[in-house]
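> Quick one: sequence and predicted model below, then my questions.
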Amino acid sequence: MNGTASESATTAPSGASAIRALGLGEAAAGLLAAIDRMGPAFAERAFRHDAEASFPAENYQDLRQAGFLKLCVPKRHGGLGADYRTYMLVSQRIGFWCATTANTFNMHVANSLWTAGLVDELDLSAEERAAHEARRALHYGRMVDGAVYAQPFSEASSAAAGVSPFGTMASRVEGGYRLNGRKIFASLSGAADYYGVLCTEAKGEGAASRRDTMFMAVPANAEGLSIVGDWDPLGMRGTVSRTLLLEDVPVPDEAQLMPPGIYIQAATRWPHMFMTLTGTYLGLMQAAYEFTLRYLRGEVPGMPVKRRMYPTKQIAVAEMLVKLELAWAIWLRAVAEARLDPSAEERARALACQYTVMEHCNEVCRLAIRTCGGQSMLKSLPLERHYRDSRCGSLMLPWTAEICMDRLGHGALYRKGETDE
Ligand SMILES: Cc1cc2nc3c(=O)[nH]c(=O)nc-3n(C[C@H](O)[C@H](O)[C@H](O)COP(=O)(O)OP(=O)(O)OC[C@H]3O[C@@H](n4cnc5c(N)ncnc54)[C@H](O)[C@@H]3O)c2cc1C
């Protein structure tokens with residue numbers, strides 16, 4: 001019922017012009033077309049998964065069959081070799097059809113996107129590079145075979161915001177590590193084959209340090225790993241983001257998704273890695289906008305009454321389109337600027353992009369409901385779900401809307417190292 005992209009009315013650039021703007025070509029167009037073939041089924045299933053707060057396993061089976069679970073695995077490892085720009089556009093298109101699938105797919109993809117070309121650009125010793133190449137070959141092989149990786153970082157502390165070390169600890173043992181800790185909001189809980197866990201390597205008596213952050217793939221069937229708590233949230237209900245408990249979980253050395261300590265270098269030097277969820281919410285915003293057009297034009301099945309002739313509707317749609325276009329504009333620019341060691345201006349723009357997309361998404365969904373009216377918020381239509389789902393974008397660490405604003409304001413008023421002392 002989400003429907004297809006509107007052909008007749010004005011839409012923001014979700015297809016060909018976005019491909020052009022990002023300098024992409026036929027390969028990206030082919031991936032978007034593949035998503036559009038699967039998308040209507042995703043949109044239809046979203047009603048049930050939202051109602052049940054259940055994981056859209058059939059969507060993952062479709063994505064698996066179409067090769068998308070290896071989207072960002074390099075070609076030499078058997079993957080599709082999609083780069084950051086291509087991934088972001090694909091993510092946006094999945095988000096258009098089913099936000100919850102895009103949100104979880106982002107967690108899966110991050111495990112390959114962050115560990116491939118991004119790590120290759122960082123400063124690593126020759127030994128670290130060789131060890132990383134051997135380990136990632138194992139993880140990529142699993143993804144190529146259809147394994148799903150999750151990415152539970154959050155801990156109900158300031159760690160996921162990048163302020164303090166992760167409280168989940170990795171203690172060295174013969175041939176690997178033992179993990180102990182607790183991760184909240186683990187999207188794909190119960191559905192993933194591996195959980196990409198960020199933790200801190202325990203080093204003797206000294207205080208834990210963010211420099212000792214490790215990134216480990218924990219098998220879902222590992223001894224000592226359990227999923228606890230219920231899942232009955234406001235929105236993004238199909239993500240099934242329950243709590244993971246890690247109690248003396250043994251993981252071998254090859255579980256490492258990045259060499260020890262490299263995550264912090266990546267987070268500092270490749271900040272756009274934290275902007276990847278914007279694709280989900282840009283797609284969701286596009287879906288809410290296009291639904292509104294169809295609704296007001298009397299094109300939604302069962303809703304034949306046209307409402308487009310009222311000036312207030314036209315103003316509301318114009319307002320939505322302006323917000324959508326602004327989000328697209330900063331998003332295309334920030335995505336195109338993603339690289340190692342971006343300038344201060346590009347870093348700020350990435351934060352501004354995250355803020356704009358997440359907040360505008362919620363705003364466009366709010367306007368959509370107000371202007372379509374009471375019947376549009378019935379559960380038989382997607383808009384009320386879009387509205388609830390849209391609320392989640394601004395809450396995503398490490399770049400929540402509040403953190404983006406704090407960092408933007410501080411960064412604009414203080415030069416590096418400057419204080420008021
Ligand atoms: C549907 C959904 C799926 C999710 N999936 C995942 C997942 O797969 N993996 C994962 O790791 N996490 C996931 N998360 C968790 C998400 O990234 C956040 O970690 C979580 O929402 C934080 O909740 P909290 O109440 O503990 O936030 P808190 O850390 O308590 O923060 C509350 C608010 O305070 C503000 N705040 C926090 N720290 C600072 C600071 N240093 N400076 C300024 N303001 C600050 C922020 O605005 C934040 O929104 C998911 C969340 C949702 C809603």
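That came through fine. Numbers count the residues shown, from 1 in each chain.
> and residue 199, that's in a helix?
No: remark: residue 199 does not belong to a helix; assigned using DSSP: H, G, I helix; E, B strand; the rest coil, it is strand.
> Tell me what it is bridged to.
residue 214 (DSSP bridges).
> ok, now which ones touch it?
166, 168-170, 179, 181, 213-214, 216 (Cβ atoms under 8 Å, 6 or more residues apart in numbering). Every residue, glycine included, has its C-beta placed from N, CA and C.
> how much space between it and the ligand?
12 Å (Cβ to the nearest ligand atom, to the nearest Å).
> what do you get for residue 245?
In this view, residue 245 and the ligand are 15 Å apart by Cβ to the nearest ligand atom.
> For that residue, list each beta-bridge partner.
Listed by DSSP bridges, the beta-bridge partners for residue 245 are residue 182, residue 226.
> The ligand next: which of the contacts of residue 199 are close?
Filtering the contacts of residue 199 for proximity to the ligand by Cβ under 6 Å from any ligand atom leaves nothing.
> out of these, who has the most neighbours?
Highest neighbour count within these: residue 170, with 28 neighbours (other Cβ atoms under 10 Å).
> Now it: which helix or strand?
Residue 170 is part of strand 169-173, with elements assigned from DSSP states H and E.
> Tell me the strands beside that strand, with direction?
Sheet pairing for strand 169-173, using DSSP bridges, gives strand 176-186 (antiparallel), strand 194-201 (parallel).
> Columns mean pLDDT on top of the ones you listed, output as TSV?
Formatted as TSV, those follow (pLDDT from 0 to 100):
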stretch	mean pLDDT
strand 176-186	98
strand 194-201	97
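> so which of those strands comes closest to residue 386?
Across the strands paired with strand 169-173, residue 386 has its closest neighbour in strand 176-186 (20.5 Å, Cβ to Cβ).
> Give me the residues contacting that closest one.
With Cβ under 8 Å, 6+ apart, strand 176-186 has contacts from 150, 152-156, 166-171, 195, 197, 199, 201, 214, 216, 218, 224, 227, 241-253, 255.
> before we move on, what about stretch 306-317?
Contacts to stretch 306-317, defined as Cβ under 8 Å, 6+ apart, come from residues 292-293, 295-298, 367, 370-373.
> Apply the buried test to these and list what passes.
Among these, those scoring as buried are 292-293, 295-296, 367, 371-372 (criterion: 16 or more other Cβ atoms under 10 Å).
> Now tabulate the residues you listed in JSON lines and tack on distance to the ligand.
Output for the buried ones among the contacts of stretch 306-317, formatted as JSON lines (distance: Cβ to the nearest ligand atom, whole Å):
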{"residue": "292", "distance to the ligand": "24"}
{"residue": "293", "distance to the ligand": "27"}
{"residue": "295", "distance to the ligand": "26"}
{"residue": "296", "distance to the ligand": "30"}
{"residue": "367", "distance to the ligand": "22"}
{"residue": "371", "distance to the ligand": "26"}
{"residue": "372", "distance to the ligand": "24"}
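> if I look at the residue of the stretch 201-350 of the chain found nearest the ligand, how far off is residue 264?
The stretch 201-350 of the chain approaches the ligand most closely through residue 236 (3.5 Å), counting by Cβ to the nearest ligand atom. According to Cβ to Cβ, to the nearest Å, residue 236 stands 28 Å off from residue 264.
> Just read off the phi/psi values of residue 250.
phi -80, psi 130 (degrees, to the nearest 10).
> got the CA positions of the lowest-mean-pLDDT helix or strand in the chain in CSV?
Between all helices and strands in the chain, the lowest mean by mean pLDDT, DSSP states H and E belongs to helix 16-21, at a mean of 92. What follows is helix 16-21 as a C-alpha-only set of coordinates in CSV (Å, rounded to 0.1, in the frame of the first residue of the first chain):
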residue,chain,number,x,y,z
ALA,A,16,18.2,9.3,-11.8
SER,A,17,19.1,12.8,-10.7
ALA,A,18,20.5,11.5,-7.4
ILE,A,19,22.6,9.0,-9.3
ARG,A,20,24.0,11.8,-11.5
ALA,A,21,24.5,14.1,-8.5
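> Does anything pack onto that helix? Which helices or strands?
For helix 16-21, the elements it packs on are helix 26-52, helix 84-97, helix 311-337, judged by 3 or more Cβ pairs under 8 Å, 6 or more residues apart in numbering; DSSP states H and E.
> And it, what's buried?
18-19, 21.
> ok, back up a step: specify which member of the contacts of stretch 306-317 is nearest to residue 93.
residue 293 (17.9 Å).
> Confirm that that closest one lies within a helix, as I assumed.
Yes: assigned with three-state DSSP, residue 293 falls within a helix.
> And the helices in the stretch 151-300 of the chain, which stretches?
Taking DSSP state H, counting those that start in this stretch, the helices of the stretch 151-300 of the chain run over residues 262-269, 278-296.
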